[in-house]
Every structure is written in structure tokens, then in C-alpha cells.
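Engineer: Sequence and predicted structure below; questions after.
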Amino acid sequence: MASTRTTPKPKAHKTTEVAGRHRAVQRAQDAKDRAKPAADSSKKKEQPVQAGPRPQPANPVPAQHLPKPGHEADMALRPRFEAPDYQGSNKLKGMSALITGADSGIGRAVAVLYAREGADVAIVYLEEDADAEETRRHVEAEGARCVLIRGDVRDPAFCRESVARTVKAFGKLDILVNNAAFQLHAASIEDITDERLDLTLRTNVFGYFQMARAAVPHLGKGSSIINTGSVTGLEGSAQLLDYSTTKGAIHAFTKSLASNLIAKGIRVNAIAPGPVWTPLNPADRSAEEVQDFGKDTDMKRPAQPEELSPAYVFLAAPSCAGYITGIVLPVTGSVGAV
């Protein structure tokens with residue numbers, strides 16, 4: 001007859017000993033907790049963190065509300081995009097880039113650094129002519145060529161035209177940065193009409209897809225596509241339901257397109273910014289709410305566009321990121337964004 005073996009039960013005194021150790025450690029920690037002085041309510045609030053080469057503006061930012069789409073020229077506190085401490089080193093020399101939403105904000109900062117790194121730049125924008133001209137002045141001051149292309153990325157024909165004009169102006173296309181976006185808060189899903197949902201989806205998702213579809217035939221080995229995602233696409237947002245939905249879609253699109261194009265040597269990545277001081281924000285929230293913009297990050301302040309743009313250079317430059325594709329890089333001012 002086959003014998004049956006049973007697992008011996010742990011001796012009671014051993015488990016009791018371990019539990020006793022647990023309680024002993026707990027008692028020690030409890031004693032330390034009780035010994036802590038009471039929190040001083042008069043203690044100063046945590047100060048915004050400054051970890052870059054120059055101090056950046058912090059809260060409160062000006063209480064200002066702008067009509068959409070928001071013009072950088074009208075902002076009481078102008079976003080910082082010049083990155084004076086960033087030294088170019090020809091990482092993008094001889095390349096050409098098309099950047100949507102590049103008249104202001106993150107797009108403008110990226111355009112300036114791309115030019116500083118040796119790339120010619122096409123600026124795609126909706127209708128902010130004065131802002132676009134300002135961006136062109138800064139791009140050309142860096143020694144690069146610049147073309148302005150005015151139109152709506154929701155229109156697939158315009159996306160094709162933008163790529164064609166870029167190729168005609170510079171002879172080729174190496175980098176596409178999808179950055180244009182529509183954002184507007186809502187307290188409830190019931191506030192988001194079909195018209196508004198269509199506007200957000202077609203700008204933020206269709207626009208990216210259509211621009212990439214138009215660009216891919218002109219891209220080759222060493223080229224790249226960089227999509228602007230968002231921390232809201234990583235964590236969600238109770239009051240940006242439609243916007244955060246599109247940003248999550250952009251992250252998935254980035255990874256999927258990266259897999260689709262990897263055999264061609266074309267890299268596709270995304271950057272997920274946290275709160276960044278651009279016209280998008282005072283054009284979204286009330287003046288009172290804008291004052292506290294970015295204070296909930298671990299760094300207790302919003303980023304300036306010049307703190308985002310070097311990441312776009314890194315992902316575009318084959319010398320830096322030639323082995324990187326399909327990632328969503330968080331630049332959020334907080335720990336644990338992924």
C-alpha cells in the first residue's frame with residue numbers, strides 16, 4: 001500500500017515567536033510615532049522645487065483667462081521657451097522637421113531647439129498669426145530656415161498639404177512632431193456634447209493619425225515621429241474626460257505605430273507632459289483656477305516649455321535615441337508618473 005505523507009504543521013512556538021517579533025517592531029514604531037512633535041500649523045508651505053539651471057516662475061501664476069485657442073502674445077506671464085543654458089551640438093544637423101501647434105507653448109520651444117541643433121522647421125498652426133511669426137523669428141535667429149503653414153489638422157487634405165509644402169521647402173522630411181491639441185474642462189460627462197467630443201477627438205487623435213499617415217512615405221531610416229501625450233493619458237483626469245481619453249489613445253497609437261514602422265528604421269515615441277505653462281491653460285480654466293496651476297505636482301509648480309523641449313531633441317536625435325522606440329516618456333514634475 002502506498003504511504004501518504006502529510007506536510008508537518010509549523011510548530012506553534014515558532015509562529016508565535018514570529019508574530020511576537022511583528023508586534024515588537026510595531027510597538028517600537030508606535031513609540032516613535034507618539035514621540036514625534038505635533039505638526040506646526042504655522043510652518044511655511046512647501047516651496048516650489050527648482051532643479052534646473054535657472055529659477056522658473058512658480059505659483060501663483062497670473063490670474064488670467066484667455067479666449068480659445070489662446071495667444072501667447074496675450075499672456076500676462078510669457079512662457080519661457082528660449083532655453084538660454086542649452087547649447088546646441090548639431091544633433092539634428094541637415095534634418096528637417098514639421099511641428100504641429102508650434103506657434104506657441106511646447107511646440108515653439110521645440111522648434112527653437114531643433115533649429116539650434118541644426119534642423120530646418122515647418123510650423124503648423126491654426127490661426128495665431130502673430131505667435132507663429134514670433135516663432136519664425138526665433139527659429140531663423142538660430143540660423144535655420146522656417147516655413148509657416150496655417151490650417152486645421154482635423155482636415156486630412158490639409159495634413160497632406162502640410163507635408164508636401166515641408167518637403168518642397170526643405171527637400172525632405174526627417175522629423176514629425178504631433179503636438180496640436182484641443183482641451184477644455186468639464187465637471188460632468190453630461191456637459192460634453194457630441195459636437196465637442198468630435199472636436200477633441202478629431203484634433204487630438206485624427207490629426208495625429210492623419211499627419212503621420214501623410215508623413216510616413218517621406219520618412220526613412222533614422223527618421224522619427226514624436227507625439228505629445230499627457231500625464232492625463234497615464235493617470236486620467238476627472239474634469240478632462242474627453243481630453244484624457246485622446247491622450248490615452250495617443251499613447252496606444254505611439255506604441256502601435258512604433259511596431260508598424262520599426263522594420264523601416266523609423267522610430268515613434270511620445271512625451272507625456274505634466275502641467276506646462278502655455279496658452280492652452282489660461283484658455284481652459286477660469287482666472288482664479290489658473291493661479292494654482294501646477295501646484296499639485298511634487299515640484300509644486302508648472303513646468304515652462306523650455307523644460308520640456310530638450311526631451312524632444314533627445315528622442316529626435318539618432319545619436320541619442322537610435323535604440324529607443326515605442327516609449328511614452330513622462331516629464332511631469334512628479335514621482336511615479338508611470
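Structural biologist: Okay, I see it. Numbers count the residues shown, from 1 in each chain.

Engineer: Flag the shaky bits of the stretch 1-150 of the chain, pLDDT-wise.
Structural biologist: Scanning the stretch 1-150 of the chain for pLDDT under 70 picks out 1-16, 18-30, 32-33, 36, 38-45.

Engineer: Now do the strands for the stretch 1-150 of the chain: every range, in order, please.
Structural biologist: Under the criterion DSSP state E, counting those that start in this stretch, strands of the stretch 1-150 of the chain are mapped to 96-100, 120-125, 146-150.

Engineer: Those strands: which one's closest to His65?
Structural biologist: For the strands of the stretch 1-150 of the chain, proximity to His65 was assessed by CB to CB; strand 120-125 is nearest, at 21.3 Å. For the C-beta atoms, the positions are set from N, CA and C on the backbone; glycine is no exception.

Engineer: Give me the sheet partners of the closest one and which way each runs.
Structural biologist: Strand 120-125 has the following strand partners under DSSP bridges: strand 96-100 (parallel), strand 146-150 (parallel).

Engineer: Single out the most deeply packed of those strands.
Structural biologist: Comparing the strands paired with strand 120-125 by mean neighbour count (mean count of other CB atoms under 10 Å), strand 96-100 comes out on top with a mean of 28.

Engineer: picking that back up, any chance of the strands paired with strand 120-125 in CSV with distance to Phe206 as columns?
Structural biologist: Listed next are the strands paired with strand 120-125 as CSV, based on distance: least, CB to CB, whole Å:
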stretch, distance to Phe206
strand 96-100, 12
strand 146-150, 18
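
Engineer: Now do the helices in the stretch 201-338 of the chain.
Structural biologist: 207-215, 231-235, 241-261, 287-290, 309-316, 318-321 (DSSP state H, counting those that start in this stretch).

Engineer: Let me see the residues that make contact with the second one.
Structural biologist: Spelled out, it's helix 231-235. The contact list for helix 231-235 (CB atoms under 8 Å, 6 or more residues apart in numbering) reads 240, 243-244, 246-251, 272-275, 328, 330, 332, 334, 337-338.

Engineer: Buried ones among those residues?
Structural biologist: Neighbour counting by 16 or more other CB atoms under 10 Å classes 240, 243-244, 246-251, 272-275, 328, 330, 332, 337 among the contacts of helix 231-235 as buried.

Engineer: of the strands of the stretch 1-150 of the chain, which approaches Glu190 most closely?
Structural biologist: With CB to CB, the closest approach to Glu190 among these belongs to strand 96-100: 30.8 Å.

Engineer: hmm, who's touching that closest one?
Structural biologist: Taking contacts as CB under 8 Å, 6+ apart, the residues outside strand 96-100 that touch it are 107, 110-111, 114, 119-125, 153, 162-163, 166, 170-180, 207, 211, 215, 316.

Engineer: let's go with 7 Å and repeat that
Structural biologist: 107, 110-111, 114, 119-124, 153, 162-163, 166, 170, 172-180, 207, 211, 215 (CB atoms under 7 Å, 6 or more residues apart in numbering).

Engineer: Can you go through those residues and name the buried ones?
Structural biologist: 107, 110-111, 114, 119-124, 153, 162-163, 166, 170, 173-180, 207, 211, 215.

Engineer: if we can go back for a sec, JSON lines for the helices of the stretch 201-338 of the chain, including mean pLDDT?
Structural biologist: Below are the helices of the stretch 201-338 of the chain laid out as JSON lines (pLDDT from 0 to 100):
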{"stretch": "helix 207-215", "mean pLDDT": "98"}
{"stretch": "helix 231-235", "mean pLDDT": "93"}
{"stretch": "helix 241-261", "mean pLDDT": "97"}
{"stretch": "helix 287-290", "mean pLDDT": "74"}
{"stretch": "helix 309-316", "mean pLDDT": "98"}
{"stretch": "helix 318-321", "mean pLDDT": "98"}
